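Participant: Okay, sequence plus prediction incoming.
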Amino acid sequence: MEALLIERTVAEPIQRQLYRQIAAMIRDKRLAPGSELPSTRALADDLGLARNTIVGAYDQLTTEGYLTSRPGARAIVVDLPANSPGSDRRSASASATAIRHPLSMRGESMMRQPFHHGAPGRFAFHPGMPDAQNFPFGVWGRLLARRATFGADMLFGTYHVTGLPALKEAIASYLVSARGVRCLPEQIVVTTGAQAAFDLLARLLLDPGDTVWLEEPGYYAARATFTVAGGNILPLTVDGDGWQMNPPEIAPRLIYVTPACQHPLGTTMRMDQRLRLFEIAERHNSWIVEDDFDGEYRFQGRPVPAIQSMDYAERVIYVGTFAKLLFPALRLGFMVLPPALCEGIPHALSTTGQFAPLVLQAALADFIDEGHMSRHLKRMRRIYAERRKLFQDLFAAELPANVTLSPAEAGIQLVAHLPADCDDRAVVEAADRLGVNASPLSKYYWSTSGNGLVLGYAACNKVQTEAGMRRLRQAIEQSRILY
């Protein structure tokens, strides 16, 4: 016990220091199993501490099983197993074995999936990032504070696992008028973002080996979810002519599409392609997952209705999110389920724990019902139209002619195609070093290849867009692409 060292100038309480040091001595066998510790009074005298400090440390060690004690007797050191956790004497082989402990096949697959969350301070050009500066956080904070203050029992339990009724009613009303979706509030399931919806649908609808028809290029996070679930992913090719609705080689269990604003190309599915999609799904008895992530932002004509509005066979599952309308960190999305899937969904949600905080849902319901979201959306459409035009003009002025923008009708991101002697991942790495956020187009392909940049414009004001475009040109130059 002479090795005990009490540091009186550090923030760690003295009692905690004693506990920590004695526990380490017991784990490392520096205190022999079965040996008696000094009495609390004797150790207090030796260390110049209050006896209650020693008593507290001994009591904690006894509670955790390092010591045994009985009234009137000294505490005795317990004989712990060799190489116990936390011991300095754990063998290198034991540590290596722990590190090599295998994951499940699904775990291994999850660890390999791509993602792109960006980083704070990378002001341009994060794909799909809405503008935070113009969001009415004052109004949002007031609504959230009101609900948190007066929520009572209704908002602070694990109730309404499919979603707060008030929010489901608000979403249903909004979808009917804004997206043409035909639904009742009972068909809506509120989720913690669209990705949580995809994960739940993959568990509910897919068995390992089932075929998923997925757009290429397409949303890699959705592809990751269906891949991890064991899906056999086949490409649904999207090019300058839209969706190539060729009969699938294998009957698909599920077809994933982004028809209002194709991700990442920004094109809209034509009526003949929509009808062909329904024909294929009907023939093969397939589910259709419609990801309508930012169909509200259309800059040529009015927003195109969701394909769910045409679904009289009840096989379309409509997935929406507030990430683009409001802000991504809100982590609220929703699904509109066909009636056949509604009955058992509370059980599935309770099993996975994928239900959103009720306080946030209540504040969002108020935000919609009081008209704040419609006013915000109207304002942001005007701002984004201006920023889109500025982005296109600066792109044409700053970047060489062999870097071209893909025509897009909707969405808050654009695709820039690079020449054949360019590597898009190298450009993205160079751009990141310069503080610019972009995503390589090649990440959105898996059976073929693409070469370009996916660039968001919505979160950048004029000054940021100008600076970002100069840095993007510099990144291209550093990547030895054009000059």
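Facilitator: Happy to help now that I have it. Just so you know, these numbers come straight off a predicted model, no measurement behind them.

Participant: How is this structure divided into domains?
Facilitator: Using automatic domain parsing, the domain parsing of the chain gives 1-101, 135-370, 374-478.

Participant: and the shortest one, average pLDDT?
Facilitator: Just to be clear, that refers to domain 1-101. Mean pLDDT, domain 1-101: 85.

Participant: on that earlier part again, mind putting the domains of the chain in JSON lines, distance to residue 114 included?
Facilitator: Every C-beta, even on glycine, is put in place using the N, C-alpha and C of the backbone. JSON lines is the format used below for those (distance: least, Cβ to Cβ, whole Å):
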{"stretch": "domain 1-101", "distance to residue 114": "24"}
{"stretch": "domain 135-370", "distance to residue 114": "5"}
{"stretch": "domain 374-478", "distance to residue 114": "6"}
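
Participant: Dump these to TSV, plus mean neighbour count.
Facilitator: As requested, those are exported to TSV (neighbours: other Cβ atoms under 10 Å):
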stretch	mean neighbour count
domain 1-101	14
domain 135-370	19
domain 374-478	18
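
Participant: Between those, which one is closest to residue 113.
Facilitator: domain 135-370 (3.6 Å; Cβ to Cβ).

Participant: Tell me where the stretch 151-300 of the chain has helices.
Facilitator: If DSSP state H, counting those that start in this stretch is used as the criterion, the helices of the stretch 151-300 of the chain fall at 165-178, 194-205, 220-228, 271-284.

Participant: Residue 108 is nearest to which of the domains of the chain?
Facilitator: Ranking the domains of the chain by proximity to residue 108 (Cβ to Cβ) places domain 135-370 first, at 9.6 Å.

Participant: Quick one: end-to-end distance for that closest one.
Facilitator: With Cα to Cα, to the nearest Å applied, domain 135-370 spans 16 Å between its terminal residues.

Participant: any idea of the mean pLDDT in that domain?
Facilitator: 92.

Participant: From the chain's centroid, how far away is that domain?
Facilitator: Mean-position distance between domain 135-370 and its chain equals 14 Å (Cα atoms, centre = their mean, to the nearest Å).

Participant: Direction included, what does the lengthiest strand in the chain pair up with?
Facilitator: Ranked by number of residues, the top strand in the chain under DSSP state E is strand 232-239. Here strand 232-239 has these sheet partners by DSSP bridges: strand 211-216 (parallel), strand 242-243 (antiparallel).

Participant: mind checking which of these is nearest residue 450?
Facilitator: Residue 450 sits nearest to strand 211-216 of all those, at 8.8 Å, using Cβ to Cβ.

Participant: measure residue 40 to residue 67 for me?
Facilitator: 12 Å (Cβ to Cβ, to the nearest Å).

Participant: Overlap of the contact sets of these two?
Facilitator: Here residue 40 and residue 67 have residue 58 as joint contacts, going by Cβ atoms under 8 Å, 6 or more residues apart in numbering.

Participant: With distance to residue 296 added, can I get the strands paired with strand 232-239 in TSV?
Facilitator: Output for the strands paired with strand 232-239, formatted as TSV (distance: least, Cβ to Cβ, whole Å):
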stretch	distance to residue 296
strand 211-216	20
strand 242-243	21
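
Participant: so which of the ones you listed gets nearest residue 478?
Facilitator: In terms of Cβ to Cβ, the element of the strands paired with strand 232-239 nearest to residue 478 is strand 211-216, at 29.7 Å.

Participant: Just the CA atoms of that closest one, as CSV, please.
Facilitator: Only the C-alpha atoms of strand 211-216 are listed here, as CSV (Å, rounded to 0.1, in the frame of the first residue of the first chain):
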residue,chain,number,x,y,z
THR,A,211,-34.0,-9.3,-56.2
VAL,A,212,-34.1,-5.5,-55.9
TRP,A,213,-34.3,-3.4,-59.0
LEU,A,214,-32.5,-0.1,-58.2
GLU,A,215,-31.6,2.9,-60.3
GLU,A,216,-28.1,3.3,-61.7
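
Participant: Which residue, other than its chain neighbours, is closest to residue 132?
Facilitator: Ranked by Cβ to Cβ, 6 or more residues apart in numbering and with sequence neighbours excluded, the top spatial neighbour of residue 132 is residue 327, at 5.8 Å.

Participant: ok so, going back, out of the domains of the chain, which gets nearest to residue 125?
Facilitator: Proximity to residue 125 (Cβ to Cβ) singles out domain 374-478 among the domains of the chain, at 4.0 Å.

Participant: Let's test this: mean pLDDT of that closest one, rounded?
Facilitator: Here the average pLDDT along domain 374-478 is 92.

Participant: List the contacts of the residue nearest in space to the middle of the chain.
Facilitator: In the chain, the C-alpha nearest the mean C-alpha coordinate belongs to residue 195, at 6.3 Å (Cα atoms, centre = their mean). Counting by Cβ under 8 Å, 6+ apart, residue 195 touches 221, 222, 225, 333.

Participant: Cool, thanks, talk later.
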